[in-house]
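Participant: I would like the atomic coordinates for the input below:
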Amino acid sequence: MNAEQERTVDQIISQEVSAVASDHTRVRENGRAACHVLFTFVGRMRLSETYAADLLTKVLLARPELNERFIEMVEGIHMKQRMMGVTFAIKTREAKDRYIDSLFKTALDELLGDIANYGVDIVLRRLVMSYIALGIAQNLGVDYHAAAEELYYYMRKYDKETRATLIKLVRLVVDRSKYR
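Facilitator: Numbers count the residues shown, from 1 in each chain. Next up, the predicted model:
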């Protein structure tokens, strides 16, 4: 990315964060604030979604003050306006960071314990299932637990096909990781 492109991305992100923060109706009712900003500059700059997501991350990492505004905008839409996670939203940034840090470390410890007790295949299946459930939640605008239940319902309904596909993916990942 050249300097001009980075400035353009920075400007678009900054403008859209300000616009959404002042008028939350710019984000569709069940839409995601972060995705709204991302797709705004995908459309304006005619970029691929993946490349745009990388640019968004790069700009936010380079501009801590913009990153803070971005997080505040996301919290404003998803936690305050939609009354989800209000108790988290009203915490100080330091308290939020401590909470996330604790969850981060706990999740990693659980995964390491599962690897030791059940093996890599089971942990990979768990991670893949979480990834799919999260995608469902994001696309449908529902919470993670509802998305996971929908996924489990679907997988029970199509047990043979989904089980075979999931096992095939896990084996492929494990096999490829052996050669790296």
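
Participant: how close does Arg126 sit to Asp109?
Facilitator: Arg126 sits 14 Å away from Asp109, going by C-beta to C-beta, to the nearest Å. For every residue, glycine as well, the C-beta is placed using N, CA and C.

Participant: the more surrounded of these two?
Facilitator: More crowded of Arg126 and Asp109, by other C-beta atoms under 10 Å: Arg126, with 14 against 10.

Participant: report the buried residues of the helix or strand hosting the more buried one.
Facilitator: For Arg126, the host element (DSSP states H and E) is helix 120-140. If you call a residue buried by 16 or more other C-beta atoms under 10 Å, then helix 120-140 has these buried ones: Val123, Leu124, Arg125, Ile132, Ala133, Ile136, Ala137.

Participant: of these, closest to Val9?
Facilitator: Among the buried residues of helix 120-140, Ala137 lies closest to Val9 (C-beta to C-beta), at 27.0 Å.

Participant: the closest one against Glu149, yeah?
Facilitator: No: using C-beta atoms under 8 Å, Ala137 is not in contact with Glu149, being 10.7 Å away.

Participant: from the contact counts, what lies against the longest helix seen in the chain?
Facilitator: Counting residues, the longest helix found in the chain (DSSP state H) is helix 93-118. Packing partners of helix 93-118 (3 or more C-beta pairs under 8 Å, 6 or more residues apart in numbering; DSSP states H and E): helix 120-140.

Participant: which residues touch the helix it packs on?
Facilitator: Contact partners of helix 120-140, identified using C-beta atoms under 8 Å, 6 or more residues apart in numbering, comprise 30, 32, 35, 111, 114-115, 142-144, 146-148, 150-151, 166-167, 169-171, 173-174.

Participant: apply 7 Å and report the result again.
Facilitator: The contact list for helix 120-140, computed with C-beta atoms under 7 Å, 6 or more residues apart in numbering, reads 32, 111, 114-115, 143-144, 147-148, 150-151, 166, 169-170, 173-174.

Participant: same thing with stretch 66-79?
Facilitator: With C-beta under 7 Å, 6+ apart as the test, stretch 66-79 has contacts from 13-14, 17, 20-21, 24, 27, 33-34, 59-60, 84-86, 88-89.
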